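Student: need a 3D model of the sequence below.
(one chain, ligands or ions: 2)
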Amino acid sequence: MGRILCVANQKGGVGKTTTACNVAAGLAHAGLRTLLVDLDPQCNATTGFGVAPAAVHPLVSETPLHESLVETSLGNLFVLPGSRSVRDVERIAAAARQGSAVLEGHLARGLAAWDYCLIDCPPSAGELTRAALAGSTEILMPIQCEYFALEGLTQMIEVIREVMQERPGRLSFSGIVLTMHDASLELTAEVEAEVRDFFGEIVFETVVPRDVAVSEAPSHAQSVLDYAPRSPGARAYTELVMEVRDCE
Ligand SMILES: Nc1ncnc2c1ncn2[C@@H]1O[C@H](COP(=O)(O)OP(=O)(O)O)[C@@H](O)[C@H]1O
Ligand SMILES: [Mg+2]
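Tutor: Ligands and ions are numbered 1, 2, ... in the order given. Just a heads-up that it's a prediction; the model follows:
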C-alpha cells in the first residue's frame, strides 16, 4: 500500500511546492515509483518539472486519470498536472464537499501503482486542502524559519484535526520540516526552538537551508537533486527523504 503525503500549510511562500518537488524527486532517485499531484492553480509543481498545466484538471476531467500522467526525465517520477482554472478548483472542492471524494477515490484506485504520492496544496486551509487531506495518509508541513512562523497556523491545525476525527487511524502527521533555514541568523535559531518546542518529535531533524540552487532548479525544469547534486539544498532534501522513509 502506497503512502500519500499531503504537503500543506495555509501560508504561501513557505516551501510547500519546493518540498513536494524535491522530496518526490528524492524518492524517485531511491528507485521508488512516485506521483506528484499538483492541486495548486498556480501550477508551480507542474511547470517546475517542465510540464504544461492541463486545460482541465485531470481530477475533474472526462479523460481517464492515467492518460493525464506525465512521465518526467527521472523515470520513476510522474506528474499529474494542475490546472490554472479557478472553475476546476471549485469543481474539485464542490465534489469533496458533496462527499464524492474525487481525490480520495482516484488515489485509492490508482494507489497500487505508486509507492509514494505527494500532493502539492494551495496556500490555504480551504476546501481544496481539506479534500487533499481527506485523501492522504500523512501530512508533510513545511514551516519557514521567519517571524510569525506559527502565527496563523491555527486554522490549518483545526482542519487537520477535523479530518483526523472524521477518519480515525487513517491520517497521521508524518512531520514538519523547517525550510529556508539560515544557521547564521539568530532569528532562525529562535524560530527553530519555538517550532520544536511546540510540535515536539514530529519535527524532522533535517532542516532545509536557504540555498539559491534550490530556487534556481525549477527554472531548469529540474529538482535541486539533479540541478545541483552537491549543493547544501540537495543534501538536505536527500536526508529529509531518508527521514520520511524511516517514519513509515
Ligand atoms: N531552501 C530554499 N532556499 C532558497 N529559496 C527557497 C528555498 N525553498 C523555497 N525557496 C523559494 O521560496 C519561494 C517560495 O517557495 P515555494 O516552494 O513556492 O512555497 P509555497 O509553495 O509554500 O508557496 C520560491 O521562490 C522558492 O524558490
Ligand atoms: Mg506552492
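Student: quote the end-to-end distance of stretch 207-221.
Tutor: Using CA to CA, to the nearest Å, the end-to-end distance of stretch 207-221 comes to 24 Å.
Student: check whether it contacts ligand 2.
Tutor: No - taking CB under 5 Å from the ion as the criterion, stretch 207-221 and ligand 2 are apart, separated by no less than 10.6 Å. From N, CA and C alone the C-beta is placed, and that goes for glycine too.
Student: distance check, the residue lying farthest from the centre of the chain against ligand 2.
Tutor: No residue in the chain has its C-alpha farther from the mean C-alpha position than residue 186, which lies at 27.9 Å (CA atoms, centre = their mean). Going from residue 186 to ligand 2 by CB to the ion, to the nearest Å gives 28 Å.
Student: kindly report the same for residue 154.
Tutor: Distance, residue 154 to ligand 2, using CB to the ion: 21 Å.
Student: residues contacting that residue?
Tutor: For residue 154, no residue meets the contact criterion (CB atoms under 8 Å, 6 or more residues apart in numbering).
Student: out of everything not next to it in sequence, what's closest to residue 89?
Tutor: Excluding its sequence neighbours, the residue lying closest to residue 89 (CB to CB, 6 or more residues apart in numbering) is residue 41, at 5.4 Å.
Student: which element is that neighbour on?
Tutor: Following DSSP states H and E, one finds residue 41 outside all helices and strands.
Student: tell me how many other residues surround it.
Tutor: 18 (other CB atoms under 10 Å).
Student: now do the one 4 residues further on
Tutor: In terms of burial, residue 45 registers 29 neighbours under the definition other CB under 10 Å.
Student: thinking it is in contact with residue 38, fair?
Tutor: Yes - assessed by CB atoms under 8 Å, residue 45 is found in contact with residue 38 at 4.3 Å.
Student: which of the residues in stretch 137-145 are buried?
Tutor: 137-145 (16 or more other CB atoms under 10 Å).
Student: show me what the helix or strand harbouring residue 37 is packed against.
Tutor: In this assignment (DSSP H and E), residue 37 forms part of strand 34-38. Strand 34-38 sits against helix 16-29, helix 44-47, strand 77-80, strand 116-120, with contacts defined as 3 or more CB pairs under 8 Å, 6 or more residues apart in numbering; DSSP states H and E.
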